[in-house]
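Asks: only geometry, no sequence info:
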């Protein structure tokens, strides 16, 4: 399954993208994460449903310096190209 997550709160400048990459790799997910201009962090992931659910749970926690206010989840098309590993943009 492929899912796009948008994470809002204090999530930029606190190591959030590195945290996202570590968790994704630990869970065997591929995709990418990047900062958005509106202050949110976007994460696009592909993997098995249990791993994606566990990843979403980790997004709500974030690294110690982060303060997550909201996580929006949306399934995305399989036609969208994702990296083979996990990249930080």
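Replies: Happy to help now that I have it. This is a predicted model, so every value here is computed, not measured.

Asks: what pLDDT does residue 77 get?
Replies: At residue 77 the predicted local distance difference test score is 81.

Asks: can you give me the helices in this structure?
Replies: Defined through DSSP state H, the helices belonging to the chain, from first to last, are 16-26, 49-61.

Asks: Quickly compare these and say which is most buried.
Replies: Most buried of the helices of the chain by mean neighbour count (mean count of other C-beta atoms under 10 Å) is helix 16-26; its value is a mean of 19. For every residue, glycine as well, the C-beta is placed using N, CA and C.

Asks: name the helices or strands packed onto it?
Replies: Counting contacts by 3 or more C-beta pairs under 8 Å, 6 or more residues apart in numbering; DSSP states H and E, helix 16-26 packs against strand 30-35, strand 41-46, helix 49-61, strand 86-88.

Asks: Out of those, flag the one nearest residue 21.
Replies: Across the helices and strands packed on helix 16-26, the minimum distance to residue 21, taken as C-beta to C-beta, is reached by strand 86-88, at 5.2 Å.

Asks: re the thing from before, just put the helices and strands packed on helix 16-26 in JSON lines and tack on distance to residue 76 and mean pLDDT.
Replies: JSON lines is the format used below for the helices and strands packed on helix 16-26 (distance: least, C-beta to C-beta, whole Å; pLDDT from 0 to 100):
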{"stretch": "strand 30-35", "distance to residue 76": "10", "mean pLDDT": "97"}
{"stretch": "strand 41-46", "distance to residue 76": "7", "mean pLDDT": "96"}
{"stretch": "helix 49-61", "distance to residue 76": "11", "mean pLDDT": "98"}
{"stretch": "strand 86-88", "distance to residue 76": "16", "mean pLDDT": "95"}
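
Asks: Mind putting these into CSV with distance to residue 12?
Replies: Compiled in CSV, these are given as follows (distance: least, C-beta to C-beta, whole Å):
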stretch, distance to residue 12
strand 30-35, 5
strand 41-46, 7
helix 49-61, 14
strand 86-88, 13
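
Asks: between the ones you listed, which one is nearest to residue 77?
Replies: The stretch from the helices and strands packed on helix 16-26 with the least distance to residue 77 (C-beta to C-beta) is strand 41-46; that distance is 11.2 Å.

Asks: Having no further points to raise, I will conclude here.
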